[in-house]
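**Q** sequence below, structure please.
(one chain, ligands or ions: 2)
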Amino acid sequence: MREPGRFIESKVIHDNGSIETDRSIRRSTSDIEFSAPELVAAIDDVRHTVESILGVSCPAGTFEYELASHGDGDFFAAHHDVGAPGTNSRVLTFVYYLHRTPKKFTGGQLRIYDVAVSAGQTSYPTSYRDFEPDNDSIVFFRPTAFHEVRRIACPSGQVGDGRFAINGWLCRTDI
Ligand SMILES: O=C(O)CCC(=O)C(=O)O
Ligand SMILES: [Fe+2]
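**A** Numbering: from 1, shown residues only. Ligands and ions are numbered 1, 2, ... in the order given. Coordinates of the predicted model:
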């Protein structure tokens with residue numbers, strides 16, 4: 001795994017394809033040049049099992065990912081990971097979590113809503129499941145699923161005490 005490099009303000013991709021920082025939607029920093037070949041190889045090993053459980057198929061695919069850091073007050077509001085030009089090749093979302101132990105923050109659960117929503121839908125589904133971002137755990141879900149990162153509280157304010165995630169997608173290369 002390469003050491004983290006430069007963290008920059010995380011960006012959001014709007015459904016019209018524009019990419020920008022918008023701290024009312026997403027508050028975190030990202031290292032988009034981060035490289036984790038061991039993680040990618042481990043995901044590749046289980047990917048056919050995950051695909052069959054989630055009912056998706058990606059015969060020819062590549063992995064795209066970033067390292068995201070959430071500190072005190074950070075969050076990512078409800079969204080889905082497809083729907084914009086350039087994101088529709090995403091077939092599978094994965095998020096691998098890292099943090100200091102014992103954990104120095106609270107909150108930061110990944111909330112996955114029970115229904116997929118289409119672009120432009122504004123009402124929130126009312127049923128969901130929260131996943132704790134436990135150190136050295138991984139979550140897979142469909143990129144069409146509505147999801148969010150609950151706001152975290154990290155009293156020390158130290159970056160290293162925060163919530164780290166390698167989040168990315170298995171993307172089709174044949175469309
Ligand atoms: O960090 C997480 O739990 C999810 C991140 C996410 O939803 C994204 O980067 O699109
Ligand atoms: Fe997401």
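**Q** use CA for all of it now, contacts and neighbours both
**A** Will do.
**Q** out of the helices and strands in this structure, which is least certain?
**A** Using mean pLDDT, DSSP states H and E, the weakest-scoring helix or strand in the chain turns out to be strand 110-116, at a mean of 83.
**Q** would that strand count as contacting ligand 1?
**A** Yes - counting by Cα under 6 Å from any ligand atom, ligand 1 is contacted by strand 110-116 at Leu110.
**Q** got the buried residues for that strand?
**A** By 16 or more other Cα atoms under 10 Å, the buried positions in strand 110-116 come out as 110-113.
**Q** listing partners with orientation, what would you give for the helix or strand just after that strand?
**A** Counting by DSSP states H and E, the next helix or strand C-terminal to strand 110-116 is strand 128-131. Using DSSP bridges, the strands paired with strand 128-131 are strand 110-116 (antiparallel).
**Q** identify the residues contacting the strand it pairs with?
**A** When contacts are defined by Cα atoms under 8 Å, 6 or more residues apart in numbering, strand 110-116 is touched by residues 125-133, 144-150.
**Q** using ChimeraX, define a selection of the buried residues within those residues.
**A** Selection of buried members from the contacts of strand 110-116 for ChimeraX, criterion 16+ other Cα under 10 Å:
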select :133,144,145,146,147,148,149,150
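**Q** within reach of ligand 1, which of the contacts of strand 110-116 are there?
**A** 148-149.
**Q** lowest-confidence member of the contacts of strand 110-116, which is it?
**A** Ranked by pLDDT, the contacts of strand 110-116 bottom out at Pro125, which has 71.
**Q** gap between it and ligand 1?
**A** Note on Pro125: its distance to ligand 1, by Cα to the nearest ligand atom, to the nearest Å, is 17 Å.
**Q** now that residue, nearest residue through space, not along the chain?
**A** In space, Pro125 comes closest to Tyr113 once its chain neighbours are excluded; the distance is 6.4 Å by Cα to Cα, 6 or more residues apart in numbering.
**Q** one step back: next, format the buried residues of strand 110-116 as a markdown table and append distance to Pro102.
**A** Output for those, formatted as a markdown table (distance: Cα to Cα, whole Å):
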| residue | distance to Pro102 |
| --- | --- |
| Leu110 | 19 |
| Arg111 | 22 |
| Ile112 | 25 |
| Tyr113 | 28 |
